[in-house]
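> Need coordinates for the following:
(one chain, ligands or ions: 2)
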Amino acid sequence: MSRMGLVVVGAGGRMGQALIRVIAQSDDAVLVGAVERAGSAVLGRDAGEGAGVGPLNVPVSDDPLPVFAKADGVLDFTSPAATVEFAGYAAQARIVHVIGTTGCAPEHDARINAAARHATIIKSGNMSLGVNLLAALVEQAAKALPAADFDIEVLEMHHRQKVDAPSGTALMLGEAAAKGREIALADQSVRVRDGHTGPREAGSIGFATLRGGSVVGDHSVILAGTGERITLGHVAEDRAIFARGALAAALWGRGRKPGLYSMRDVLGLA
Ligand SMILES: NC(=O)C1=CN([C@@H]2O[C@H](COP(=O)(O)OP(=O)(O)OC[C@H]3O[C@@H](n4cnc5c(N)ncnc54)[C@H](OP(=O)(O)O)[C@@H]3O)[C@@H](O)[C@H]2O)C=CC1
Ligand SMILES: O=C(O)C1=N[C@H](C(=O)O)C[C@H](O)C1
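Ligands and ions are numbered 1, 2, ... in the order given. Got it, this is the predicted structure:
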């Protein structure tokens, strides 16, 4: 089969650049387009030069439609508002849409679900192998340990530029814990604590968010019992782990029927 032609949207961003580097090293895919928002300082520049891999002969454009028309897939780590627009274009072009963007509200997810009627979408709050395995382990631990005896807390730390909280990964891990306990996360999550909160509500799943420096992404799930504590965690040291996962997801999605898939489907951990 020919190499998969991929577009990177948000090409000037932290993840956009990591994605361009990973595609440039791949034998299975080729970069055919790079998109940034209108007014961006990187428009017209060569995407490969911007990502530090030398010229790839792909200028950064602010016009997604003609770029999507010549591609097999799009890798999208941007913002929720941009992602729902790109989901519409990807569905129109009938190409694979890999979504790593986090912080989506229910109205964004509704539009992504609608686009998945026509496009193969793979969406995950974390594209790394390690975190998806961690989610499977958290589900297992939450199932095995009685909710009356073990309290679940999800702790995350990211770099100072991150704009959404809790992280998409923290929410994914919270969902995994809730699934293990056969409860709905929305009914049981405590996202913020401040002031006189009273004692911890039994069965709840708590979140704590730290921001600072250049931290790529640290996550821990603590299962705290009386007299003992289990901590399951993951440390991301390099954004290449997410980019490699996104590329694997695009290749997996090629030729697959339209629908909304997750990284756990891609990795066979579902
Ligand atoms: N699922 C996963 O594995 C991972 C997910 N993420 C998520 O990916 C997203 C991006 O993260 P990161 O790369 O650090 O953020 P950055 O801010 O570095 O990159 C986002 C890029 O998207 C661009 N962008 C925004 N709107 C548009 C638009 N309409 N058209 C084209 N480009 C646009 C931004 O441009 P501008 O700067 O001009 O706004 C920016 O260059 C976040 O939601 C983050 O949480 C990150 C890492 C891993
Ligand atoms: O914004 C980031 O940087 C990251 N975002 C994702 C998230 O919200 O979980 C994944 C990763 O942790 C890095």
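> how deep is the closest residue to Gly73 other than its chain neighbours tucked in, by neighbour count?
With Cβ to Cβ, 6 or more residues apart in numbering as the criterion, Gly73 has its nearest non-adjacent residue at 3.6 Å, and that residue is Val96. No exception for glycine: its C-beta is placed from N, CA and C like everyone else's. When neighbours are counted by other Cβ atoms under 10 Å, Val96 registers 27.
> Model confidence for Val96, exactly?
Looking at Val96, its pLDDT is 98.
> Might you report the residue contacts of it?
Going by Cβ atoms under 8 Å, 6 or more residues apart in numbering, Val96 touches 72-74, 90, 119-122, 250, 253-254, 256.
> Next: Leu185.
By Cβ under 8 Å, 6+ apart, the contact set of Leu185 is 171, 174-175, 177-178, 205.
> Asp164 and Ile241: what is the separation?
According to Cβ to Cβ, to the nearest Å, Asp164 and Ile241 sit 19 Å apart.
> More neighbours: the two, which one.
Shown here are Asp164 and Ile241; by other Cβ under 10 Å, Ile241 has more neighbours (21 against 16).
> correct me, but Ser26 touches Leu247?
Yes. Taking contacts as Cβ atoms under 8 Å, Ser26 lies within contact range of Leu247: 6.2 Å.
> what about the two, which has more around it?
Leu247 (23 against 16).
> quick check, that one in a strand?
No. Using DSSP: H, G, I helix; E, B strand; the rest coil, the secondary structure at Leu247 is helix, not a strand.
> so how far is Leu223 from it?
Noted for Leu247: a distance of 33 Å to Leu223, by Cβ to Cβ.
> max-length helix in this structure?
helix 129-144 (DSSP state H).
> Show me what counts as buried in it.
129, 131-132, 134-135, 138-139, 141-142 (16 or more other Cβ atoms under 10 Å).
> Of those residues, just say which sits nearest to ligand 2.
Val131 (7.5 Å; Cβ to the nearest ligand atom).
> Identify the residue spatially nearest to that closest one, adjacent ones excluded.
Closest to Val131 by Cβ to Cβ, 6+ apart is His234, at 5.1 Å.
> Okay, and the beta partners of Leu223?
For Leu223, the beta-bridge partners under DSSP bridges are Ile152, Ile230.
> So for it, what pLDDT did the model give?
pLDDT at Leu223 comes out at 98.
> Over to Thr120?
Thr120 is assigned a predicted lDDT (pLDDT) of 98.
> ranges for the helices of the stretch 151-270 of the chain?
Taking DSSP state H, counting those that start in this stretch to define them, one finds helices in the stretch 151-270 of the chain at 168-181, 185-188, 240-253, 263-266.
> Using the three-state scheme, assign the spatially closest residue to Arg3 that is not a sequence neighbour.
If the residues on either side of it in the chain are set aside, Arg3 comes closest to Val30, at 4.6 Å by Cβ to Cβ, 6+ apart. What three-state DSSP gives for Val30 is strand.
> measure Val30 to Leu65 for me?
In terms of Cβ to Cβ, Val30 sits 20 Å off from Leu65.
> Compare these two (neighbour count), which wins?
Ranked by neighbour count (other Cβ under 10 Å), Val30 and Leu65 place Val30 first, with 17 against 11.
> who does that one bridge with?
Applying DSSP bridges to Val30, the residues it is bridged with are Gly5.
> show me what contacts it?
Residues near Val30 by Cβ under 8 Å, 6+ apart: 3-6, 23.
> and it, how far is that from Leu247?
11 Å.
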